[in-house]
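Chemist: Could you look at this predicted model? Sequence included:
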Amino acid sequence: MIALLLLIVLIALIVLRVPVSFAIMASGLLGLLLLHTVGEINGIMEVVPISSIQSLSLSAIPLFVLMAHLLLMSGLMDSLFDAGRAIFGRARGGTGIASTLAGVGFSAVSGSSTAAAATLAKTSSRRMIAEGYRPETATGIVASVGTLAGMIPPSIILVFYAVTAEASVGDLIIAGIVPGLIIAVALVLTMFLPVLFDPSKVPAGQAVPMKDKAKALLPAMPIAAIFIVVVGAIYFGIATPTESAALGCLAAFVLVVARGKWSSAGAVHAIVDTVKTSGMIFAIVIAAHIFGYAFSETKVADNLLGWVGALDVHPLVIMAIITLIYVVLGFFMDQVAIIALTVPIVLPLVESLGYDAVWFGVFVVLMGEIGLITPPLGLNIFVVARAAGRDTMEVFRGAAPYAAAMVLVAVVFILWPEIVLWLPNSV
């Protein structure tokens, strides 16, 4: 009964738009009050908050956030779209492919799905509409590809999951590469599905001279180099994820200075935003540990694990139920909150079914990405609608086929988990 009460209070607070960290903290404190004396609670509150954020792996998060802000300050992010358009400009739907490629590149350095979606909406979606793409297609693909920031390394969300699940941060970062590229390909294929029935649904592209292609590709090279250095250092074991993040910050700083984009105001803005984002994540970490401590006292997780283990059903049936639960959670909660609340409970169950903790991290992030483009929360939808000046329902309709494609990719990962684990297992 106590566990049910805590979940009801948590859901009610979230529905009332209470900040997620405060909602989780309030529910956790209620659980402690119902289960412990005041003296015991004081002892718990003296230990749990500090111990929950003492992990050295968490230090990679603010560094990756700062790296993203410095790269934004460099003014080179728009070059990713221009480079993609130069490569695929001749093909039918070339601008749509360029938008996806730009989204992958932006995701590799931003770590923020909303930032990626907003930037792409201001540039590529408006360009696509001007070239004759349907507004639903132009905004839907941008909102969807923006979610890849949670998957393509270096991903802040994957680092957060690794800390929560006590898994290898390096393995999680490497594991996001192949799934991220598969999702990007799935989004492009989804965009081209209407062409099978009506070629006019996607406009023809325009050829770009070889000289202009080289000119468009050159500005994108420094960003590609930084990505290779950061991820390559982790993959080859040259540096830890935190050291790689620091190296990325240094490289981004040099790039900003070299391009003459450094300013005191820009630096202050980058640092303040980094502190805000990191503070929000750390607050959720602390709150989730308090909630998890109270929830674990109810023994619900242990009972659930035993109950599922006694079921005479195929593991795929249980994974289908878990997938449905995560899709529903994505309707109302953001990725950080979902991971903080569910992973300590669900991961032991998933591992008992024969799945790996690294695989589950990719799976959970993918489920969170789907939530970013599905109603009623659909944060990326609202960001794109505002940035592109389009109707919100129009963007929701445009993103629906891409959300379905991402669900299909999740099913593929469930059936063939080795797709996700191939690259990290090769390290």
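Modeler: Looks like it came in fine. Numbering: from 1, shown residues only.

Chemist: where does Thr37 land on pLDDT?
Modeler: As predicted, Thr37 sits at a pLDDT of 79.

Chemist: do Gly180 as well
Modeler: So, for Gly180, pLDDT stands at 90.

Chemist: That one is in contact with Thr147, isn't it?
Modeler: No: here Gly180 lies out of contact with Thr147, judged by CB atoms under 8 Å, at a distance of 10.0 Å. (C-beta placed from N, C-alpha, C; glycine too.)

Chemist: neighbour-wise, which of those two wins?
Modeler: Neighbours were counted for Gly180 and for Thr147 using other CB atoms under 10 Å; Thr147 has more, 33 against 25.

Chemist: Quick check, that one in contact with Ser113.
Modeler: Yes: if you go by CB under 8 Å, Thr147 and Ser113 touch, sitting 5.0 Å apart.

Chemist: what is in contact with these two at once?
Modeler: Glu369, Leu372, Asn380 (CB atoms under 8 Å, 6 or more residues apart in numbering).

Chemist: Tell me the buried residues in stretch 266-281?
Modeler: Ala270, Asp273, Thr274, Thr277, Ser278, Ile281 (16 or more other CB atoms under 10 Å).

Chemist: nearest to Thr240, of these?
Modeler: Nearest to Thr240 among those, counting by CB to CB, is Ser278 at 18.3 Å.

Chemist: So that closest one versus Ala68, what's the distance?
Modeler: Using CB to CB, to the nearest Å, Ser278 is found at 12 Å from Ala68.

Chemist: if we can go back for a sec, can you lay out the shared contacts of Thr147 and Ser113 as JSON lines showing neighbour count, pLDDT and secondary structure?
Modeler: Output for those, formatted as JSON lines (neighbours: other CB atoms under 10 Å; pLDDT from 0 to 100; DSSP: H, G, I helix; E, B strand; the rest coil):
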{"residue": "Glu369", "neighbour count": "28", "pLDDT": "86", "secondary structure": "helix"}
{"residue": "Leu372", "neighbour count": "28", "pLDDT": "82", "secondary structure": "coil"}
{"residue": "Asn380", "neighbour count": "28", "pLDDT": "81", "secondary structure": "helix"}
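
Chemist: Quickly name whichever of these is closest to Ile11.
Modeler: Using CB to CB, those come closest to Ile11 at Leu372, 19.5 Å.

Chemist: Tell me who's in contact with that closest one.
Modeler: Leu372 touches Ser113, Ala143, Gly146, Thr147, Gly150, Gly330, Gln335, Gly378, Leu379, Asn380, Ile381, counting by CB under 8 Å, 6+ apart.

Chemist: okay, now the closest residue to the first one other than its chain neighbours: neighbour count?
Modeler: What sits nearest to Ser113 in space, not counting adjacent residues and going by CB to CB, 6 or more residues apart in numbering, is Ala149, at 4.4 Å. The number of residues packed near Ala149 is 29, by other CB under 10 Å.

Chemist: cool, and the one 4 residues further on?
Modeler: By other CB under 10 Å, the residues close to Pro153 number 25.

Chemist: that older thread, switch the buried residues of stretch 266-281 over to a markdown table; also include distance to Val257.
Modeler: Converted to a markdown table, the buried residues of stretch 266-281 look like this (distance: CB to CB, whole Å):
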| residue | distance to Val257 |
| --- | --- |
| Ala270 | 13 |
| Asp273 | 19 |
| Thr274 | 18 |
| Thr277 | 23 |
| Ser278 | 23 |
| Ile281 | 28 |
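
Chemist: Let me know the closest of these to Gly43.
Modeler: Ile281 (25.7 Å).

Chemist: ok so, going back, sort out for me which of the buried residues of stretch 266-281 are in helices.
Modeler: Ala270, Asp273, Thr274, Thr277, Ser278, Ile281 (DSSP state H).

Chemist: Pass me the low-pLDDT residue ranges in the stretch 151-300 of the chain, would you?
Modeler: 198-201, 204-209, 212-213, 216, 300 (pLDDT under 70).

Chemist: Run through the strands of it in chain order.
Modeler: Along the stretch 151-300 of the chain, counting by DSSP state E, counting those that start in this stretch, no stretch forms strands.

Chemist: I'd like the distance between Leu71 and Ala252.
Modeler: 5 Å.

Chemist: Centre of the chain to stretch 94-114, how far?
Modeler: Stretch 94-114 sits 13 Å away from the centroid of its parent chain (CA atoms, centre = their mean, to the nearest Å).

Chemist: With only the CA atoms kept, save it in PDB.
Modeler: Extracted in PDB, the C-alpha atoms of stretch 94-114 (Å, rounded to 0.1, in the frame of the first residue of the first chain):
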ATOM      1  CA  GLY A  94      18.300  15.600 -50.500                       C
ATOM      2  CA  THR A  95      17.500  18.400 -48.200                       C
ATOM      3  CA  GLY A  96      15.600  16.000 -45.900                       C
ATOM      4  CA  ILE A  97      18.600  13.700 -45.900                       C
ATOM      5  CA  ALA A  98      20.800  16.800 -45.100                       C
ATOM      6  CA  SER A  99      18.600  17.700 -42.200                       C
ATOM      7  CA  THR A 100      19.000  14.200 -40.800                       C
ATOM      8  CA  LEU A 101      22.800  14.200 -41.300                       C
ATOM      9  CA  ALA A 102      22.900  17.600 -39.600                       C
ATOM     10  CA  GLY A 103      20.800  16.300 -36.700                       C
ATOM     11  CA  VAL A 104      23.300  13.400 -36.300                       C
ATOM     12  CA  GLY A 105      26.200  15.800 -36.300                       C
ATOM     13  CA  PHE A 106      24.600  18.200 -33.900                       C
ATOM     14  CA  SER A 107      23.600  15.300 -31.600                       C
ATOM     15  CA  ALA A 108      27.300  14.300 -31.500                       C
ATOM     16  CA  VAL A 109      28.300  17.600 -29.900                       C
ATOM     17  CA  SER A 110      25.200  19.000 -28.200                       C
ATOM     18  CA  GLY A 111      23.900  16.200 -25.900                       C
ATOM     19  CA  SER A 112      20.600  18.100 -25.800                       C
ATOM     20  CA  SER A 113      17.600  16.900 -27.800                       C
ATOM     21  CA  THR A 114      15.700  20.200 -27.400                       C
END
